[in-house]
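Visitor: missing the sequence, but the structure's below:
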């Protein structure tokens with residue numbers, strides 16, 4: 001069978017998780033692949049630029065193993081790597097919502113150093129903040 005024809009018949013990777021923000025979305029696909037789409041003005045798509053994406057687009061260069069959670073805030077995004085015990089965030093940084101200790105916008109997924117090594121049970125993002133619940137039941141903000 002022709003490679004182009006066989007490629008056209010391959011099923012896309014299964015969607016594991018999805019989340020939607022104010023004007024962007026993220027999906028975790030089987031195989032530890034993150035796709036984002038929508039408005040990218042503040043870096044919330046994680047592609048290294050402020051461009052909008054009209055279709056789901058894979059975030060390239062983000063190689064964190066064992067992503068188990070992806071959550072959109074209004075204009076920011078978080079992901080958790082269970083293998084690394086590491087939270088990543090990117091997007092609009094106002095009000096310190098990304099957890100990087102400043103208000104700088106971030107255009108690619110970056111580790112949240114304050115949460116490094118902490119086992120996270122759940123992430124939640126609002127309009128201007130994020131929360132993490134540890135496996136011990138502690139709420140971190």
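Guide: Yep, that arrived. Note that this is a predicted model, so its numbers are computed, not measured.

Visitor: need the helix or strand of the protein with the lowest average pLDDT.
Guide: helix 3-8 (a mean of 48; mean pLDDT, DSSP states H and E).

Visitor: contacting residues for residue 56?
Guide: Shown in contact with residue 56 (CB atoms under 8 Å, 6 or more residues apart in numbering): 25, 27, 35-37. (C-beta placed from N, C-alpha, C; glycine too.)

Visitor: Are any of those residues buried, and if so which?
Guide: Neighbour-count burial (16 or more other CB atoms under 10 Å) applied to the contacts of residue 56 gives 25, 27, 35-37.

Visitor: So which of these is the closest to residue 18?
Guide: Using CB to CB, residue 27 is the member of the buried ones among the contacts of residue 56 that lies nearest residue 18, at 4.8 Å.

Visitor: And residue 140, how far from residue 121?
Guide: Using CB to CB, to the nearest Å, residue 140 is found at 11 Å from residue 121.

Visitor: no no, residue 108
Guide: Residue 108 is 26 Å from residue 121, where distance means CB to CB.

Visitor: out of those two, which sits in the more crowded spot?
Guide: Set residue 108 next to residue 121 and count neighbours by other CB atoms under 10 Å: residue 108 wins out with 16 against 13.

Visitor: so that one touches residue 62, yeah?
Guide: Yes - with contact defined as CB atoms under 8 Å, residue 108 reaches residue 62; the gap is 7.2 Å.

Visitor: what touches both of these two?
Guide: With CB under 8 Å, 6+ apart, residue 108 and residue 62 have common neighbours residue 46.

Visitor: Just the buried ones among the contacts of residue 56: which are in strands?
Guide: Those of those mapping onto strands are 25, 27, 35-37, per DSSP state E.

Visitor: what sits against the closest residue to residue 33 other than its chain neighbours?
Guide: Among residues not flanking residue 33 along the chain, residue 58 sits closest, at 5.8 Å (CB to CB, 6 or more residues apart in numbering). By CB under 8 Å, 6+ apart, the contact list for residue 58 reads 33-35.
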